[in-house]
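[1] Here you go, sequence then predicted model.
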Amino acid sequence: MSERTAVVLAGGRSTRFGDEDKAVADLAGTPMIRRVVDRVAPVVDAVVINCRAAQRAAIEDALDGVAVPVTFAEDDYPDEGPMAGMATGLRAVAGEYAFVVACDMPFVDADFVDYLFERAEGHEAAVPRPDQWFETTHAVYRAAAMADACEAALDAGKERIVAPLFDLDFVVVDAAEVREHGHPDTFENCNTKTDFADAAERLR
């Protein structure tokens, strides 16, 4: 089995969260990004954090002592959006496949991530679609192919995060598969202080 990597997207400005950096904000006693990395660690061999240079020191502190090797892929052009962050993160991946996840998904389900890696094998991506929307920031990609597709989409002025998918040979992981192999909470993200409070209550 080839090396599996998780790429955690942490470079967003989290405008709905206020002045604090959501990635390292305290969630029931643990920084948000630490919760995400700890949850995916059992099914990956390495983690790449995509962030802005100014965030790096705080994220390194938050991830001190995690169970997998962590490297950083800092944004050359901050604030270009998640597609640019994804391309930067995926370019730093050593292995063939990577699970891309947003830093604000504290309930990410390791068993489901494991299943996504299996489904992606032989294709360029496995992307969940639990309802009408693709969960592009909770999907497994062949790293080089998706980085190429993201860069091509950006060059073409396409901003929708789904745009690169249609240049790839991808499999859709539908609602029935999500129910069978994962938990719907795996896609839940925390954007606001209210979301944090709700998540903290459940984590306690």
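    Perfect, thanks for sending it. Residues are numbered from 1 along each chain as shown.

[2] for the record, mean pLDDT for the longest helix belonging to the chain?
    In the chain, assigned by DSSP state H, the helix with the most residues is helix 143-155. Helix 143-155 carries an average pLDDT of 96.

[3] Quick check: phi and psi at Ala125.
    phi -170, psi 150 (degrees, to the nearest 10).

[4] How much space separates it from Glu201?
    According to CB to CB, to the nearest Å, Ala125 stands 34 Å off from Glu201. The way it works is simple: take the backbone N, C-alpha and C, and place the C-beta from them, glycine included.

[5] and those two? which has more neighbours close in?
    Ala125 (26 against 9; other CB atoms under 10 Å).

[6] who's that one bridged to?
    Beta bridges link Ala125 to Tyr141, Phe170, judged by DSSP bridges.

[7] Give me the pLDDT for it.
    So Ala125 comes in at 98 (pLDDT).

[8] Just confirm it contacts Leu168, I think it does.
    Yes: between Ala125 and Leu168 there is a contact at 5.0 Å, judged by CB atoms under 8 Å.

[9] where do the contact lists of the two overlap?
    141-142, 145-146 (CB atoms under 8 Å, 6 or more residues apart in numbering).

[10] Return the member of those residues nearest to Ala54.
    Met146 (26.0 Å; CB to CB).

[11] Report the contact partners of that closest one.
    86-87, 90, 98, 100, 124-125, 164, 168.

[12] what comes up buried for stretch 180-187?
    181-182, 186-187 (16 or more other CB atoms under 10 Å).
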